Every structure is written in C-alpha cells, then in structure tokens.
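Colleague: Just need the structure, nothing else, for what follows:
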Amino acid sequence: MTFEDFVVSSPSDPSAAVPPSPPRPSETRARLKTSISPGKGIACMICGAALLTLNDATLKWLTADYPVGQVLFMRGLFVFFPIAFLAWRAGGRRSLRLVNLRGQALRAGLVVASTFTFITALSLMPLANAIANSIAGPLF
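Modeller: The predicted structure is shown next:
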C-alpha cells in the first residue's frame, strides 16, 4: 500500500477515507518475490552457526601464538578486498558515502572494542564457554 491509497479524495465522501482491504498473502509474496522454504532457512541457519563456530575456533587457535591486535589487523586486511570489490561493483566511493559520520565512528569504535574483547575472551577461556556466553549475551 502506498500513501495515495489513504488520501481522501473528497471531504464530503466518508467512504473515501476507508483504506482498501489488505492484499492476500499470495499477492504479497508475488509482489515481494520471495518464497517460503523452511528447509532452506534451517539449512542456512545451521551453516551460519557452523561457520561462526569455525571462525571462533580459528581465532582461538590463532590467539595462542599471535597477539589479539595482530589477529584483528589480519582479519580486517583479508575482509578489505572483498568489501572493496563489492563497493566498486555498487558504484565506487559514491556507494560508501556516510550520512552520519559521528554515528558511524561511534559504531565502528564499539565494533572494534567488542571484537577485541571477544577475541581476548576466546584466548583466555574454553571455546564452549565463550560461545555459550556470546549466545546468552542478548538475554542480559
């Protein structure tokens, strides 16, 4: 529905202010071009959880021999190239234009701090405990 669907065409006609009936679910899915596939969603969730656990295990293994800052730097370096390629495909520097520099800087600082503390925790405690704490984090 758009804003025009709710605009009153005539102030003397009270029925004009009544919004149209909502679209049927099949029409909504067709309009959004989505599909409902619980099996694919479950498979994606399992793969995502496995990849996150593999990432955490790799970070724990690396922090046994390297400082946390060095691990973070190399992680950022490896992710820079795919992001640069995607940004280039999306229109170059124009696609990376910031609207709220202060908010983005705050967010970046918080992400770096939380990543640094999480990787430090991985190096200091058993992997299962660190993952359990990170999963339970939103509950607190």
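
Colleague: Which positions in the strand or helix carrying Leu62 come out as buried?
Modeller: Following DSSP states H and E, one finds Leu62 within helix 38-63. Neighbour-count burial for helix 38-63, counted by 16 or more other CB atoms under 10 Å, picks out 56, 59-60, 62-63. C-betas here are computed from N, CA, C, even on glycine.

Colleague: Just after it, pick out the following helix or strand.
Modeller: According to DSSP H and E, the helix or strand after helix 38-63 is helix 68-89.

Colleague: list the helices and strands that next one packs on?
Modeller: Secondary-structure packing of helix 68-89 (3 or more CB pairs under 8 Å, 6 or more residues apart in numbering; DSSP states H and E): helix 38-63, helix 101-124.

Colleague: Can you lay out those helices as TSV showing distance to Gly76 and mean pLDDT?
Modeller: Shown next, in TSV, are these (distance: least, CB to CB, whole Å; pLDDT from 0 to 100):
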stretch	distance to Gly76	mean pLDDT
helix 38-63	13	91
helix 101-124	9	92
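
Colleague: Mind putting these into TSV with distance to Leu77?
Modeller: Formatted as TSV, the helices and strands packed on helix 68-89 follow (distance: least, CB to CB, whole Å):
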stretch	distance to Leu77
helix 38-63	14
helix 101-124	14
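
Colleague: Can you say which of those helices is nearest to Ile131?
Modeller: The closest of those to Ile131 is helix 38-63. By CB to CB, the value is 6.0 Å.

Colleague: can you give me the angle the closest one makes with helix 101-124?
Modeller: 70 degrees (axes from the mean of the first three to the mean of the last three CA atoms, to 10 degrees).

Colleague: Would you check how far apart Gly137 and Ser114 are?
Modeller: 10 Å (CB to CB, to the nearest Å).

Colleague: ugh, wrong one, I meant Ala43
Modeller: 28 Å.

Colleague: Val99 in helix, strand or coil?
Modeller: Secondary structure, DSSP: H, G, I helix; E, B strand; the rest coil: Val99 is coil.
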